[in-house]
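Asker: Sequence and predicted structure are below.
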Amino acid sequence: MLRNTLFRLSSSVQTHDNKRRLVTIVCQQSWYSTKNSGVEFKASGVQVNDKLYDRDDWTNVTPSVLAKLDRKLHLQERNPIGIIRQLIEGHFNDFRTFNDLSPVVTTRQNFDDLLIPKDHPSRTKSDNYYFNKDTVLRAHTSAHQLEGLASGANKFLISGDVYRRDEIDSSHYPVFHQIEGLAYFDGQSKGEADVVAAIQADLEKAKPIPSNIEIVDDTIIHPGNPLQGRHSEAVVTPLVAHLKHSINSMICHLFADEPNLKVRWIEAYFPFTSPSYEVEIYYQGEWLEVLGCGVVQQALLDKGDRHHAVGWAFGMGLERLAMVLFGIPDIRLFWSQDSRFIDQFTPGQIKKFQAFSKYPPCIKDISFWLPPTEWHDNNFCETVRGVAGDLVENVKLIDDFTHSKTNKRSLCYRITYRSMDRNVTNDEINEIQEKVRSTVEQDFGVELREKK
Ligand code: DAH
């Protein structure tokens, strides 16, 4: 399943974990020094441009993920990710835009400022790339909401690359892109009635939703997805209507060429909004989750010094939308530097991708006995990606059993290798697989099962 939001992600990882009894392992990365566009791994820490981040128990950023820092696909005019970003900015044309904020943020920005509890599963090392306990690669663009508020703009969009440790398949990549939107109505020096009037005036000006879209929405405000203590229904009802109208019309704008578009609103939970919603789009027989949104928590607006404002926010992944709109089958293609990919696209236009020939895959299995320590899928995937880079298409757990006598647990993963732009040879993949085997053995202390 393609995940888009941090909180849906965490819950799916949790159920996954329960099912497979997977928990965090302390991953001993094999660190090495590499110079890569302003990034350098040193014994004392990781340097990005001129800043050195001291190493500690939390450090788990990898050279392969840091190599992506300067790609900024959302700023590339011909990349589908950049095209979608521009279409969204064009739609919200009176919003201030922030496109180039550094993805290296403090844990305060990524979590605390957003009221995410200290023990929330989305903070774990196995889900994030930490420089150290206080510094992390942002896991969502929400990390910049307070910076947006500090800018003084009352409506803004923030786009950028976001980073999460995850499984490997055609729709998951450790770096993807999000766009965040926030709009607020300030009640400073005015009363509630004026805020309501301002929201309503805005709604009246808005264009109606076109008839090609069917909106399924039976959400209501109730104690399970409540109004905040400081809010009255008189304010939140028009504010939520404003949020829903803004989002629905953005989706219509993006899917203008789809004849029958179905959009569904469902209840959700985010620590930084209440009430909260997720929006799904019906596409090729499936409901796809595309964004999370809600009424901004007053405690967050307080932190941003907007004590008398009420507002809404949303956060949306760009890859999923781009895959659907451009018909792109594999998430790695966005990163391809093959001109057969990028030359197909024109800034400002949504156009179906014409597949160029797919090269054959090379499939290898690896099985091993686990040490008594804890194990987590994401760390294994990270190691495979560290060795094989973008040649790895998919990593799948195909066998998991515990020996009845020794109580030792054995796992077998199937790794699919395939290049997007050339044929791979069996010899080349054998060499990579050997390196994966020795790295996994060394880093995790596993006992490899089939001997070479
Ligand atoms: N940051 C959330 C995520 O990545 C998505 C999100 C949800 C952003 C609700 C928002 C919001 O601004 O209001 O999971």
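Answerer: Arrived safely, thanks for sending. None of the values given here were measured: they were computed from a predicted structure.
Asker: What residues are bridge-paired with the residue in the chain that the ligand sits nearest to?
Answerer: As assessed by CB to the nearest ligand atom, the ligand sits closest to residue 315 within the chain, at 2.5 Å. Every C-beta, even on glycine, is put in place using the N, C-alpha and C of the backbone. For residue 315, the residues forming beta bridges with it (DSSP bridges) are residue 180, residue 292.
Asker: That one: what's it in contact with?
Answerer: Remark: with contacts taken as CB atoms under 8 Å, 6 or more residues apart in numbering, residue 315 is in contact with 5, 140-142, 178-181, 291-293.
Asker: Could you restrict the residues you listed to the ones contacting the ligand?
Answerer: Subset of these in contact with the ligand: 5, 140, 142, 180, 292-293, counting by CB under 6 Å from any ligand atom.
Asker: Report the two of those residues separated the most.
Answerer: In these, the most distant members under the criterion CB to CB are 140 and 293, with 12.8 Å between them.
Asker: Can you pull out the low-pLDDT segments for the stretch 151-300 of the chain?
Answerer: For the stretch 151-300 of the chain, applying pLDDT under 70 flags the ranges 189.
Asker: Residues of it that sit close to the ligand?
Answerer: By CB under 6 Å from any ligand atom, the part of the stretch 151-300 of the chain that sits against the ligand consists of 180, 270, 273, 292-294.
Asker: where do the strands sit along the stretch 101-250 of the chain?
Answerer: For the stretch 101-250 of the chain, the strands defined by DSSP state E, counting those that start in this stretch occupy 104-106, 130-132, 135-137, 155-163, 175-186, 213-217.
Asker: The first one and the ligand, are they touching?
Answerer: Going back to what we said before, that points to strand 104-106. No - looking at strand 104-106 against the ligand by CB under 6 Å from any ligand atom, there are no contacts, and the closest approach is 12.8 Å.
Asker: Can you tell me the strand partners of that strand and which way each runs?
Answerer: The strands beside strand 104-106 in its sheet (DSSP bridges) come out as strand 135-137 (antiparallel).
Asker: got it, and the last one?
Answerer: Within its sheet, and counting by DSSP bridges, strand 213-217 is paired with strand 261-270 (parallel).
Asker: hmm, back to that, which one of the ones next to the ligand among the contacts of residue 315 has the most neighbours?
Answerer: Highest neighbour count within these: residue 142, with 31 neighbours (other CB atoms under 10 Å).
Asker: most tightly surrounded among the strands of the stretch 101-250 of the chain?
Answerer: Of all those, strand 135-137 carries the top mean neighbour count, a mean of 27, counting by mean count of other CB atoms under 10 Å.
Asker: contact partners of that one?
Answerer: Under the contact criterion CB under 8 Å, 6+ apart, strand 135-137 has outside partners 53, 61, 65, 103-107, 110, 128-131, 162-163.
Asker: now with 6 Å?
Answerer: Under the contact criterion CB atoms under 6 Å, 6 or more residues apart in numbering, strand 135-137 has outside partners 53, 103, 107, 110, 128-130, 163.
Asker: So which residues of this structure form helices?
Answerer: Listed from the start of the chain, the chain has helices (DSSP state H) covering 6-20, 63-66, 80-91, 107-110, 145-150, 192-205, 233-254, 298-303, 318-326, 339-342, 377-388, 426-444.
Asker: can you put those in TSV and add mean neighbour count?
Answerer: Formatted as TSV, the entries for those read as follows, by neighbours: other CB atoms under 10 Å:
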stretch	mean neighbour count
helix 6-20	16
helix 63-66	20
helix 80-91	20
helix 107-110	20
helix 145-150	20
helix 192-205	14
helix 233-254	19
helix 298-303	18
helix 318-326	23
helix 339-342	14
helix 377-388	22
helix 426-444	16
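Asker: Among these, which comes closest to residue 168?
Answerer: helix 377-388 (4.8 Å).
Asker: Contacts for the closest one next, please.
Answerer: With CB under 6 Å, 6+ apart as the contact definition, helix 377-388 has outside contacts at 22, 25, 27, 62, 64, 126, 165-168, 392, 395, 432, 435-436, 439-440, 443.
Asker: per-residue confidence averaged over that helix?
Answerer: If you average the pLDDT over helix 377-388, you get 92.
Asker: That helix vs helix 426-444, what angle?
Answerer: Between helix 377-388 and helix 426-444, the angle comes out at 130 degrees (axes from the mean of the first three to the mean of the last three CA atoms, to 10 degrees).
Asker: how far out from the middle of the chain is helix 377-388?
Answerer: 18 Å (CA atoms, centre = their mean, to the nearest Å).
Asker: Kindly format the C-alpha coordinates of it as CSV.
Answerer: Output for helix 377-388, consisting of C-alpha atoms alone and laid out as CSV, is shown next (Å, rounded to 0.1, in the frame of the first residue of the first chain):
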residue,chain,number,x,y,z
ASP,A,377,12.2,-4.7,8.3
ASN,A,378,13.0,-1.1,7.5
ASN,A,379,16.5,-1.4,8.7
PHE,A,380,17.1,-4.4,6.5
CYS,A,381,15.6,-2.6,3.5
GLU,A,382,17.8,0.4,4.3
THR,A,383,20.9,-1.8,4.2
VAL,A,384,19.9,-3.4,0.9
ARG,A,385,19.3,0.0,-0.6
GLY,A,386,22.6,1.2,0.8
VAL,A,387,24.4,-1.5,-1.2
ALA,A,388,22.2,-1.8,-4.3
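Asker: I'd say residue 395 and residue 415 touch.
Answerer: Yes - taking CB atoms under 6 Å as the definition, residue 395 is a contact partner of residue 415 at 5.4 Å.
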